[in-house]
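Enquirer: Here's a sequence, model it:
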Amino acid sequence: MQRCSSWLNKILLGSSLLFAAAATIAPVAQAGDYPHPYQQHRSMTDGSAWWRRDVYGGAAHIIIDLSEQRAYFYKGDQLAGISPISTGVAGNRTPTGSFRVSEKELFHRSNLYGHYVDRAGFVRKSSVDVRVHKRPAGTVFRGASMDFFMRINGAVSMHAGKVTGRPESHGCIRLPWHMAKIFYENAPMGTKVTVRH
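Expert: Below is the predicted model of the structure:
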């Protein structure tokens, strides 16, 4: 009986040490710390994407920081959310300056970049630029998906897309799908967008 009791004490002590160790290495803030009702997809694993539902009032203002590859969403002077982004690569850099959201479209497709697909819908040539790549016979152009599209300057827009935290686009500002949705729903037409180095 004493041997059983000793064994049980060791298990309980080991469990409490594991919980204590986990508590000390747990990150201070994760994306899940700021839940949003529409946030159904995982944020970046480093916890850099978050949204606070408790921030109300004040004009929306989005700041795009090219050097940090981050987008900051303000409501008045209060920070409501942060998202990782991917902006334009060399030769197609995202322009800096002060802009406004001039067009919004929930499900937008690019008229320049996408894929050539056959009549059955199979991709025959991917990642094409219609100005550069010739369309193979028997195919049609299908523009790249740009959900939660918000135009800010000519062809440059904010939209959902592949995000790695480094420049990768043709000039647009890509956000993870769930963060693009949140930004879209909280940025009315005319929202100020500041793009800085």
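
Enquirer: Please identify which helix or strand holds R131.
Expert: Assigned by DSSP states H and E, R131 falls within no helix or strand.

Enquirer: Can you give me the neighbour number for the nearest residue to it once chain neighbours are set aside?
Expert: Closest residue in space to R131, ignoring its immediate chain neighbours: L112 at 6.7 Å, by CB to CB, 6 or more residues apart in numbering. Yep, even glycine has a C-beta here, placed from its N, CA and C like the rest. A count of nearby residues for L112, using other CB atoms under 10 Å, gives 14.

Enquirer: Am I right that L112 sits in a strand?
Expert: Yes - counting by DSSP: H, G, I helix; E, B strand; the rest coil, L112 is part of a strand.

Enquirer: dump the residue contacts of T191.
Expert: If you count contacts by CB atoms under 8 Å, 6 or more residues apart in numbering, T191 has them with A59, A60, H61, I62, R100, V101, M150.

Enquirer: wait, isn't the residue nearest to R131 in contact with V156?
Expert: No - using CB atoms under 8 Å, L112 is not in contact with V156; the gap is 12.0 Å.

Enquirer: Only the buried residues of stretch 56-64, if you could.
Expert: Across stretch 56-64, burial judged by 16 or more other CB atoms under 10 Å covers A60, H61, I62, I63, I64.

Enquirer: Do me a favour and average the pLDDT over it.
Expert: Averaged across stretch 56-64, the pLDDT comes to 96.

Enquirer: what comes into contact with it?
Expert: Contacting residues not belonging to stretch 56-64 are listed as 70-78, 85, 87, 94, 158, 173, 183, 186-188, 191-196 [CB under 8 Å, 6+ apart].

Enquirer: sec struct for V163, please.
Expert: coil.

Enquirer: so who does D65 touch?
Expert: D65 neighbours (CB under 8 Å, 6+ apart): A71, Y72, R196, H197.

Enquirer: are any of those residues buried, and which?
Expert: A71, Y72.

Enquirer: Turn the contacts of D65 into TSV, including secondary structure and pLDDT.
Expert: Compiled in TSV, the contacts of D65 are given as follows (DSSP: H, G, I helix; E, B strand; the rest coil; pLDDT from 0 to 100):
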residue	secondary structure	pLDDT
A71	strand	98
Y72	strand	97
R196	strand	98
H197	coil	92
